[in-house]
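S.K.: Prediction below, plus the sequence it came from.
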Amino acid sequence: MNYIRPVFLWLALLCSSQVLHAQSVRFAFVTDTHVGGATGADDLRRTVQDINANSSLEFVLVTGDITEFGADIELALAHRILDSLNKPWYVIGGNHDSNWSESGANSFRKVFGSETFAFVHGGYQFAATSSGPNMRMSPGQVPRENLVWLDSVLNNMKEPEMPLIYINHYPQDSSLNNWYDALDKVKKRNIQLMLCGHGHQNKLYNFEGIPQVMGRSNLRAKDSIGGYNIVTIKDGKAVFEDRRPLVSTQNKWLDVPMVNYRFASSNQQYPRPSFAVNAKYPNVRKLWEFQDQSDVGSGMAVGKGLAVAANTNGDLYALDFKTGKKRWSFNTGGKIYSTPAISGNYVVVGSSDGHIYCVGLNDGKLLWKLATGKAVLGSPVIENQVAYIGGSDGHFRALDIRTGKLLWDFAEVKGFVVTRPLIYQGKIFFGCWGHDFYALDQKNGKLVWKWNNGNANRMFSPAACYPVASNGRVFIVAPDRFMTAFDAATGKVVWRQQMKEGRVRESMGLSKDGSLVYVKTMDGQLFGVSTKADSLQVGLTTELKLPYELSPSEIVESNGMIYVPSNSGLATAIDRKTGKVVWQYKSSNALVNPMLPFGKSSVLMSTMDGKIVCLNYAK
């Protein structure tokens, strides 16, 4: 009796706790609306009309890929349609809202008020985070600042034992490079259910013991009508029904038990990304590490013993080379995806707040800023005290870095610019997310030539690569898996081929002697392609073999080493002569930005989740 009674009391308390929160909740679960696509707006209007006619629905969750390309006009249209709902609605972004966003995902939070949401309803805590990839093709990622926010929500719950429902656009698996960060947080609470979109189908998953339900897309696809899910939580279970707007509700397709899994008190262990590779190469060591509380989505610049970086909180800041300590910080009004450029005491960078900034390298004080029509996501390049930079407003500008004076303005860019331009033979070369690749006269900004790959899908644009040039030719790679060589003077295509050895995408660089273009394939291999041959000829094969690889970050060579970034936090150094891997270092599980070698044997490495490390290696 002495043993049975405590157990009975514990069960009674558990049951009473469950009853306390076991209220009936009924809501609409809408996802992947893709407004801006062929039928996205019409399908969403029909769904809104249907939801408004259903008085039993208490609120609406819209779980990502609200738009097709994250364009300002698409976001505004989606907001107008959703704002006609006659009940509360909550929205988060997905990869389509961020990866191709002309505003650098800045407009999403302006239009919808936030990129996260949290609320309590019917005895349940709902919490949702957005997910990228943000402006750079890679596996998805919950932004670092969203995870900091999620911590705050969970740590400040008035009732820590309240049942929790967590929402993200992605399934919580390896398609999301920091899936474990969110899971580790929610498992400290009474997590009972997770919801997601992304896969455009109704499907039940189980991630580390937690049920996650993927909802169908709101798009009609091959049907005549789109659809969404109606979710009813009652009597200890969540019931999912597929609804065809203004037509019918299909039979329920899923019941999910709503129970307290009590992860916090268990001893279950789940695999996380391995950092064992760092022990494999003792010739490389970490000198210091800096952890930002926001994402770092751009490369860095160095000067006067400082490393200058930027983040998605809008901060431009300098770290001391020797210690990694922050020396100064300057805040802009929007997320920064532009890699800063330094010349003397001048630091130039673009911001998604619609300005180009110049601050002093010594103290971070504002020297000047120039307003543009939209976000500035492109990275500047500086030559002879002139900064060249593209924006999202259809303009490409040349500015005097001493005064901010506009020297010339090419206003005929058909898309938005997200990369760093190339200066070669008196011309400026760059691509955009509007199909075209441009060559402008460096002196006056006049169009010399432009090229289009002929593909109607703008996702195949040559926008995210860093073009390189040698031997009178300019080279690009693009998401269409083609590599193209142009005559730099005329724009004539010298050759345009797909590589038989692997699928090239957007990650590329140039050897120091100009004889090879380095290309990383989606199959995780690195090759050097001849800059002189009249067809795609491989001149260097390396022993690198990464898993499936998407990172578009630039490849750089310095002091006989080729530095190769990845989409999973792994940096690789390869011997230029032999193609052998000299060392590897894994700092996180997020996309590696362009690496920055300096001195004889040091390199700066930053990852999208806000981690910056300084490495030193012995040859």
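M.R.: Structure received. Residues are numbered from 1 along each chain as shown.

S.K.: now the strands for the stretch 1-150 of the chain?
M.R.: Ranges of strands within the stretch 1-150 of the chain are 25-30, 60-63, 89-92, 117-121, 124-128, based on DSSP state E, counting those that start in this stretch.

S.K.: That should have said the stretch 151-300 of the chain, apologies.
M.R.: Under DSSP E, counting those that start in this stretch, the stretch 151-300 of the chain gives strands at 164-167, 191-196, 203-207, 210-214, 228-234, 237-244, 248-257, 284-291.

S.K.: list the buried ones in the fifth one?
M.R.: This points to strand 228-234. The neighbour-count check on strand 228-234 (16 or more other Cβ atoms under 10 Å) flags 228-233 as buried. In this view, the C-beta of every residue, glycine as well, is placed from N, C-alpha and C.

S.K.: Now do the contacts for D255.
M.R.: Shown in contact with D255 (Cβ atoms under 8 Å, 6 or more residues apart in numbering): 237-240.

S.K.: And those residues, which is closest to A318?
M.R.: Ranked by distance to A318 (Cβ to Cβ), the contacts of D255 are led by A238 at 49.6 Å.

S.K.: what's the burial count for the closest residue to H200 other than its chain neighbours?
M.R.: In this structure, H200 finds its nearest non-sequential neighbour in S217, 3.9 Å apart by Cβ to Cβ, 6 or more residues apart in numbering. Per other Cβ atoms under 10 Å, the neighbour tally for S217 reads 23.

S.K.: how close does S217 sit to M137?
M.R.: 21 Å (Cβ to Cβ, to the nearest Å).

S.K.: residue boundaries of the helices in this structure?
M.R.: Here the chain has its helices, by DSSP state H, at 4-21, 40-52, 72-82, 95-98, 106-112, 144-155, 179-186, 277-280.

S.K.: Output those in a markdown table, with mean pLDDT appended to each entry.
M.R.: Listed next are the helices of the chain as a markdown table, based on pLDDT from 0 to 100:
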| stretch | mean pLDDT |
| --- | --- |
| helix 4-21 | 40 |
| helix 40-52 | 98 |
| helix 72-82 | 98 |
| helix 95-98 | 94 |
| helix 106-112 | 94 |
| helix 144-155 | 96 |
| helix 179-186 | 93 |
| helix 277-280 | 96 |
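
S.K.: now those as a markdown table including distance to F527 and mean neighbour count?
M.R.: Formatted as a markdown table, the helices of the chain follow (distance: least, Cβ to Cβ, whole Å; neighbours: other Cβ atoms under 10 Å):
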| stretch | distance to F527 | mean neighbour count |
| --- | --- | --- |
| helix 4-21 | 57 | 11 |
| helix 40-52 | 39 | 21 |
| helix 72-82 | 38 | 19 |
| helix 95-98 | 28 | 28 |
| helix 106-112 | 36 | 21 |
| helix 144-155 | 33 | 18 |
| helix 179-186 | 31 | 20 |
| helix 277-280 | 22 | 12 |
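
S.K.: Rebuild those helices as TSV, extending it with distance to A28.
M.R.: Formatted as TSV, these follow (distance: least, Cβ to Cβ, whole Å):
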stretch	distance to A28
helix 4-21	21
helix 40-52	5
helix 72-82	11
helix 95-98	19
helix 106-112	17
helix 144-155	23
helix 179-186	23
helix 277-280	45
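
S.K.: give me every residue that touches the closest residue to R216 other than its chain neighbours.
M.R.: Leaving aside its sequence neighbours, R216 sits nearest to N202 (Cβ to Cβ, 6+ apart; 4.8 Å). Applying Cβ under 8 Å, 6+ apart to N202 gives the contacts 213-216, 229, 240, 242, 253-254.

S.K.: From the residues you listed, list just the buried residues.
M.R.: So, of the contacts of N202, 213-216, 229, 240, 242, 254 end up buried under the neighbour-count rule (16+ other Cβ under 10 Å).

S.K.: Identify, from the residues you listed, the entry nearest to V62.
M.R.: Distances from V62 to these, taken by Cβ to Cβ, are shortest for G215, at 10.1 Å.

S.K.: any idea how far that closest one lies from Q385?
M.R.: According to Cβ to Cβ, G215 stands 54 Å off from Q385.

S.K.: what's the answer for I51, then?
M.R.: Distance, I51 to Q385, by Cβ to Cβ: 58 Å.

S.K.: repeat for V519
M.R.: According to Cβ to Cβ, V519 and Q385 sit 33 Å apart.

S.K.: Compare neighbour counts for those two and give me the winner.
M.R.: Between V519 and Q385, counting by other Cβ under 10 Å, V519 is the more crowded of the two (26 against 13).

S.K.: can I assume the more buried one is in contact with M499?
M.R.: Yes: using Cβ atoms under 8 Å, V519 is in contact with M499, at 7.2 Å.

S.K.: which residues are common contacts for these two?
M.R.: Jointly contacting V519 and M499 under the rule Cβ under 8 Å, 6+ apart are 483, 527, 529.

S.K.: Looking at those residues, which is nearest L615?
M.R.: Nearest to L615, judged by Cβ to Cβ, of these is F527 at 24.5 Å.

S.K.: Specify the beta-bridge partners of that closest one.
M.R.: V519, T541 (DSSP bridges).

S.K.: Around it, how many other residues sit close by?
M.R.: Neighbour count for F527, taken as other Cβ under 10 Å: 22.

S.K.: Could you measure from it over to S553?
M.R.: In this view, F527 and S553 are 17 Å apart by Cβ to Cβ.

S.K.: again with P462
M.R.: On the measure of Cβ to Cβ, P462 and S553 end up 16 Å apart.

S.K.: Looking at these two, which one has more neighbours?
M.R.: Neighbour tally, P462 and S553, criterion other Cβ under 10 Å: the higher count belongs to S553, 28 against 25.

S.K.: Tell me which of the strands of the stretch 151-300 of the chain sits nearest to K87.
M.R.: strand 228-234 (13.0 Å).

S.K.: Tell me how far that closest one lies from the chain's centre.
M.R.: For strand 228-234, the separation from the chain centroid amounts to 30 Å (computed by Cα atoms, centre = their mean, to the nearest Å).

S.K.: Residue numbering should commence at 272 henceforth.
M.R.: Okay, residue one is now 272; in that scheme the one you just asked about reads as strand 499-505.

S.K.: quick one, that strand and helix 311-323 angle?
M.R.: For strand 499-505 against helix 311-323, the angle by axes from the mean of the first three to the mean of the last three Cα atoms, to 10 degrees is 30 degrees.

S.K.: helices and strands around strand 499-505, which ones?
M.R.: Judged by 3 or more Cβ pairs under 8 Å, 6 or more residues apart in numbering; DSSP states H and E, strand 499-505 is in contact with strand 296-301, strand 508-515.

S.K.: and these, which is most packed in?
M.R.: Comparing those by mean neighbour count (mean count of other Cβ atoms under 10 Å), strand 296-301 ranks first with a mean of 22.

S.K.: Report all helices and strands that that one contacts.
M.R.: helix 311-323, strand 331-334, strand 499-505.

S.K.: Pairing partners for it, with directions?
M.R.: Strand pairing for strand 296-301, using DSSP bridges, gives strand 331-334 (parallel), strand 499-505 (antiparallel).

S.K.: what about the ones you listed, which gets the closest to S401?
M.R.: strand 331-334 (9.9 Å).

S.K.: from memory K597 sits against L587, does it?
M.R.: No: judged on Cβ under 8 Å, K597 makes no contact with L587 at a distance of 11.4 Å.

S.K.: Understood, closing this out.
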